[in-house]
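Chemist: Sequence and predicted structure, then a few things I'm wondering about:
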Amino acid sequence: MKEFESMTGIEMPGLAFAALRGLNVTVNNVGRHGQFRRKMNGLSMTLTRPSKPGRLSVEFAALRRKLPEASENTNKKDLVPANYAWSHGRINRTARSIAAYAFLIRVLSWNYLIGRSWTYWRWEMTPDAVAGRRRHLAAWAREQMLRLGPCHIKLGQLSSSRSDLLPKEVVEELSFLQDRVPPFDFRLVRRIVESELGGRIEDTFSYFDPTPIAAASLGQVHFAVLRTGQECVLKVQRPGLKDIFDIDMKSLRVIASVLQERGWYGRDWLAIYEECRTILYQEIDYVREARSAEQFAANLAIFPWVRVPKIFWQHTTSKVLCMQYIPGIKISEIARLEAAGMNLTRISQRSAESYLKQILDKGLFHADPHPGNIAIGPGETLIYYGSS
């Protein structure tokens, strides 16, 4: 860093400089040495004669590197990375804690730089330039959340449903976390299902698809057919999930404490942490989720256009949830809904009406309403998956 300062005559904040290390950036700087290129500590830069003394502009290109972005032409399956250790139950406590802290520091650092005009080429901090950087940061954050595992993926899923608080480009990138999380091996699925149900898969199911329909942060869903001929889906909890939660919650509490002490964003971060911790530990109890789902279905039975999958209790445990198979179109896939002749206005009205019923009348509501958990069936039927 001293070499950088002596060469440029500019002092950079330590945190911002740390975020730039190892990135390919172009720096236009004051100086009397004309224009030349130099690589220092992995930082590739161009130094030029300045237009204004004492100013620094940084052209970001690093966040674009190998980061797929959301678009209508993007195949979501291409965004599912290779195997991660956490998705197979392999856990390194120290490495996970360090990675969580590093993730927060980088996000805060890059977010800080995005809002500084001196980091833009010729100080042209246009709305398009800002939006582009936000998208690249969100794409990077999405990949890091996948690497960090369930707790951070849940955070990303929650953020992806808050278009009222976050910029459009951030929401679009994080939305890929809703149902495209790395799956775990079928051998582990078999081991968990057979251990929980107390018998071979072949003895319970006439068909069991080894390829998951969807993989989420806490588990993955497989299509199957019971010996009775009923079609169902099995939600199988990820191996070692509680151990991962125990590690990550300690790290997240430290982060929440730091944010609380600094007074950042005016939030009660410790209260938010405690609430999230309570809910997350409840979510890994599938028996509790099944009971809530049945009560949820009973509360909305007044609406013929609401469907909630039936629970098959004889094949449900705290780590395996067996439900009726009800296919539908993801509620956020507007193009598919229109192609199927769905009435979007009616869907909006029914969604609002059902939620008013849940919140104002029954007091029991769907607690994970991202688009991966709500689908639309024939006749604009609302299909609720997930928990309440």
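Modeler: Arrived safely, thanks for sending.

Chemist: What is the burial count for residue 329?
Modeler: 18 (other Cβ atoms under 10 Å). Just so you know, the C-beta spots here come from the backbone N, C-alpha and C atoms, and that holds for glycine as well.

Chemist: My guess is it contacts residue 335. True?
Modeler: No: assessed by Cβ atoms under 8 Å, residue 329 is found out of contact with residue 335, at 9.9 Å.

Chemist: what residues are shared contacts of those two?
Modeler: Counting by Cβ atoms under 8 Å, 6 or more residues apart in numbering, residue 329 and residue 335 have no contacts in common.

Chemist: what's the burial count for the nearest residue to residue 123 once chain neighbours are set aside?
Modeler: Nearest residue to residue 123, sequence neighbours excluded (Cβ to Cβ, 6 or more residues apart in numbering): residue 117, at 5.0 Å. Around residue 117 sit 11 other residues, with neighbours defined as other Cβ under 10 Å.

Chemist: element containing the most centrally placed residue in the chain?
Modeler: Computing the C-alpha centroid of the chain and ranking residues by Cα atoms, centre = their mean puts residue 156 first, at 3.0 Å. In the assignment (DSSP states H and E), residue 156 maps to helix 150-160.

Chemist: which residues are in contact with that helix?
Modeler: By Cβ under 8 Å, 6+ apart, helix 150-160 touches 86, 100, 103, 141-142, 144-146, 166, 170-171, 174-175, 177-178, 181, 217-218, 238, 241, 244-245, 248-249, 252, 280, 368, 370, 372.

Chemist: Dump that helix to PDB, restricted to CA.
Modeler: In PDB, the C-alpha atoms belonging to helix 150-160 read as follows (Å, rounded to 0.1, in the frame of the first residue of the first chain):
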ATOM      1  CA  PRO A 150     -27.600 -22.500   3.800                       C
ATOM      2  CA  CYS A 151     -27.700 -19.500   6.100                       C
ATOM      3  CA  HIS A 152     -26.200 -17.100   3.500                       C
ATOM      4  CA  ILE A 153     -28.400 -18.500   0.800                       C
ATOM      5  CA  LYS A 154     -31.500 -17.900   2.900                       C
ATOM      6  CA  LEU A 155     -30.300 -14.300   3.400                       C
ATOM      7  CA  GLY A 156     -30.000 -14.000  -0.400                       C
ATOM      8  CA  GLN A 157     -33.400 -15.500  -1.000                       C
ATOM      9  CA  LEU A 158     -35.000 -13.100   1.500                       C
ATOM     10  CA  SER A 159     -33.200 -10.200  -0.200                       C
ATOM     11  CA  SER A 160     -34.400 -11.300  -3.600                       C
END
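
Chemist: can you map out the helices along the stretch 101-250 of the chain?
Modeler: 127-148, 150-160, 168-174, 186-197, 201-204, 241-262 (DSSP state H, counting those that start in this stretch).

Chemist: buried stuff in the last one?
Modeler: Within helix 241-262, the residues scored as buried using 16 or more other Cβ atoms under 10 Å are 241, 244-245, 247-249, 251-252, 255-256, 259-260.

Chemist: what sits against residue 375?
Modeler: Contacts for residue 375 (Cβ under 8 Å, 6+ apart) come out as 326-331, 383, 385.

Chemist: That concludes my questions; thank you for your assistance.
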